[in-house]
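*Asks:* Predicted model follows, preceded by the sequence.
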Amino acid sequence: MTEPPKTSAAPPGTAVPTIPVLPAQSGRPVAPAPRRTPDTTPARRTALAEGVDQLRAAATTEPGRLRAIGALLALLVVAFGVVTAWQTDSRATAAGDVLHHSQPLTSDAADIYRSLADANTMAATGYLAGLQESPATRKQYEQDIRTAAAKLVTAAANTDPGSSSATTIRQLNELLPQYKGLVESARANNRQGFPVGGAYLRAANDTMQKQMLPKAEALYDNENERLSADYGNATPYPWFAIALGLLALGGLAWAQRRNYQRTNRVLNHGLVAASATTAVVLLWVVVGHTFARAGLNDSYDHGVKSLNVLHDARIASLKARSDENLILVSRGAETKTLPDKTVVDAYDWGYDQEIATLGKGLKLADSLADDSAGRKPVAVANDSMTVWISRHKEVSKANDEGNYQKARSGVIGDDKSTAECFTSVDSSLNLALKQETKEFQRSAGDGLDAMTGLTVGAAVLAALGAAGAVLGIGRRLSEYR
């Protein structure tokens, strides 16, 4: 019997390795998978990161620092020029609007108010005259209506659609023919001796006083607000541009000092040229705006303010004249209850209020006038107002005594009537308005002229300054080649 083959036994205490049994494919053993080694290839850097590294490396060299300094100086000078051109252009545009747009429109709005008030005065004057109405009175009434209509067209063309001013203009255009119809009805009945003519005239006056004139005043106030806004945009200093100019000058001075410390050269022609052009622009901006502000502020203090006061005074005189006529037309039919329960004639009370307003306006206009040419017509108007008040008292006395014909002659007569005083006041205020308009145009024109060429000049000089800075730095860089 054959013995089984002997196998070698492991020594006691020795671990026997276990041979893993791998699955076989097609009867063959599968070798273990090879071990994967880690990828040590560095990740590719972005172009931005490489660019930053290159700039950082370049900044450690003097040529690199010079390039950075040149780029920064050119950027500062160009930014100064751009901001200066932008801010000066906006201020010049606002100053031009003050002179050519908003103030003329404010005057047009005042003319609308004045024309409507004067038309109402002429209507009452013509009614009092009856069949003896003068052609001049009728002509003046028609002229006032045409002026108001024409000014409304101009205002509508320069008003934003949908605005409150556009709505006001539309409403005035609707009310104007209604008012004219009432006046014509009053005239027609008055010629035939029908007392109802007075009722038509009072209705026309109510339409004017309670609807049309308040709307015309609102339009005038809106245009005044637009004028004030244009002044607010035109007069401030361009502080941002000035700050950039000082910063650019400081940077150029630092670059030249740095250049001197490293090369012992006192001047760099390019940097000197850049500093000179920057200084010229900065000085031009400061001086130009100083003169512009002075002219615009003078045009407002001695032009716009005076014009507003004179417009208000003239309108007060027109309303006082209209009330004076209607005192005789209504013959006490219209009354007003005061806060103390006193009942007074509405038109007599209105006359007193408007005359008081006229007196205050003339006093203020005299204080605002800055020369004799402006004070003289105001003084004449004040003297005429004093005589007007005196004559009105005589008219009121005759009317209270029942002497209607004497009162009527005292109002519209040819000799020593209140009509003469009113005409003198109105014509004097018209002269004062023309004088103050000239003052406004002169001062506002001076303010606008002070900024002439500043926008284009600042842009051109800034471009030259930036070029000078680049050339100056480039001259230093050429020494390293």
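*Replies:* All right, it came through fine.

*Asks:* separation between L172 and D323?
*Replies:* Plainly put, L172 is 22 Å away from D323 if you go by C-beta to C-beta, to the nearest Å. C-beta coordinates here come from the backbone N, C-alpha and C atoms, glycine included.

*Asks:* Apologies, that question was intended for L105.
*Replies:* According to C-beta to C-beta, L105 and D323 sit 29 Å apart.

*Asks:* What of E334?
*Replies:* 10 Å.

*Asks:* got it, and I242?
*Replies:* Distance from I242 to D323, by C-beta to C-beta: 55 Å.

*Asks:* Of these two, which one has the most company?
*Replies:* Counted by other C-beta atoms under 10 Å, I242 and D323 do not tie: D323 has more neighbours, with 26 against 18.

*Asks:* correct me, but that one touches E354?
*Replies:* Yes - using C-beta atoms under 8 Å, D323 is in contact with E354, at 6.4 Å.

*Asks:* how deep is the nearest residue to Q441 once chain neighbours are set aside tucked in, by neighbour count?
*Replies:* Distances taken as C-beta to C-beta, 6 or more residues apart in numbering put L99 closest to Q441, at 6.9 Å, once the chain neighbours are dropped. Applying other C-beta under 10 Å, we find 20 residues neighbouring L99.

*Asks:* Provide the secondary structure category for P339.
*Replies:* Assigned by DSSP: H, G, I helix; E, B strand; the rest coil, the conformation of P339 is coil.

*Asks:* which phi and psi does it have?
*Replies:* Backbone torsions for P339, taken as degrees, to the nearest 10, come to phi -50, psi -30.

*Asks:* Distance-wise, check it relative to K210.
*Replies:* In terms of C-beta to C-beta, P339 sits 20 Å off from K210.

*Asks:* likewise A149?
*Replies:* The value you get for A149 to K210, if C-beta to C-beta is used, is 20 Å.

*Asks:* Which one of these two is surrounded by more residues?
*Replies:* Higher neighbour count among A149 and K210: A149, with 15 against 9, using other C-beta under 10 Å.

*Asks:* now the chain, which segments are flagged as low pLDDT?
*Replies:* 1-45, 47-60, 264-266, 332-333, 476-481 (pLDDT under 70).

*Asks:* any chance you could map the strands in it?
*Replies:* Taking DSSP state E as the test, the strands found in the chain are 24-25, 28-29, 335-337, 343-345.

*Asks:* Find the residue at the geometric middle of the chain.
*Replies:* Closest to where the C-alpha atoms of the chain average out (C-alpha atoms, centre = their mean) is D230, at 2.1 Å.

*Asks:* Is the residue nearest to Q441 in contact with M451, as I believe?
*Replies:* No - using C-beta under 8 Å, L99 makes no contact with M451, being 11.7 Å away.

*Asks:* Give me the nearest residue to V196, chain neighbours excluded.
*Replies:* Using C-beta to C-beta, 6+ apart, the nearest residue to V196 is N189, at 5.2 Å.

*Asks:* hang on, isn't the one you found packed against G197?
*Replies:* Yes - between N189 and G197 a contact is recorded at 3.4 Å, counting by C-beta under 8 Å.

*Asks:* Quick one: residues contacting the closest residue to A124 other than its chain neighbours.
*Replies:* Leaving aside its chain neighbours, A124 sits nearest to N325 (3.5 Å; criterion: C-beta to C-beta, 6+ apart). N325 makes contact with T121, A124, T125, Y127, L128, V411, I412 under the criterion C-beta atoms under 8 Å, 6 or more residues apart in numbering.

*Asks:* rerun that using 7 Å as the cut-off
*Replies:* For N325, the contacting residues are T121, A124, T125, L128, V411, by C-beta atoms under 7 Å, 6 or more residues apart in numbering.

*Asks:* What of Y179?
*Replies:* By C-beta under 7 Å, 6+ apart, the contact list for Y179 reads A204, T207, M208, M212.

*Asks:* Using PDB, list the CA coordinates for stretch 184-194.
*Replies:* Provided in PDB are the C-alpha atoms of stretch 184-194 (Å, rounded to 0.1, in the frame of the first residue of the first chain):
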ATOM      1  CA  GLU A 184     -71.100 140.400 -25.000                       C
ATOM      2  CA  SER A 185     -74.400 139.600 -23.400                       C
ATOM      3  CA  ALA A 186     -73.900 142.300 -20.900                       C
ATOM      4  CA  ARG A 187     -73.000 144.800 -23.600                       C
ATOM      5  CA  ALA A 188     -76.000 143.900 -25.800                       C
ATOM      6  CA  ASN A 189     -78.400 144.300 -22.900                       C
ATOM      7  CA  ASN A 190     -76.700 147.500 -21.700                       C
ATOM      8  CA  ARG A 191     -77.100 149.100 -25.100                       C
ATOM      9  CA  GLN A 192     -80.800 148.400 -25.000                       C
ATOM     10  CA  GLY A 193     -81.100 149.800 -21.500                       C
ATOM     11  CA  PHE A 194     -82.000 146.400 -19.900                       C
END
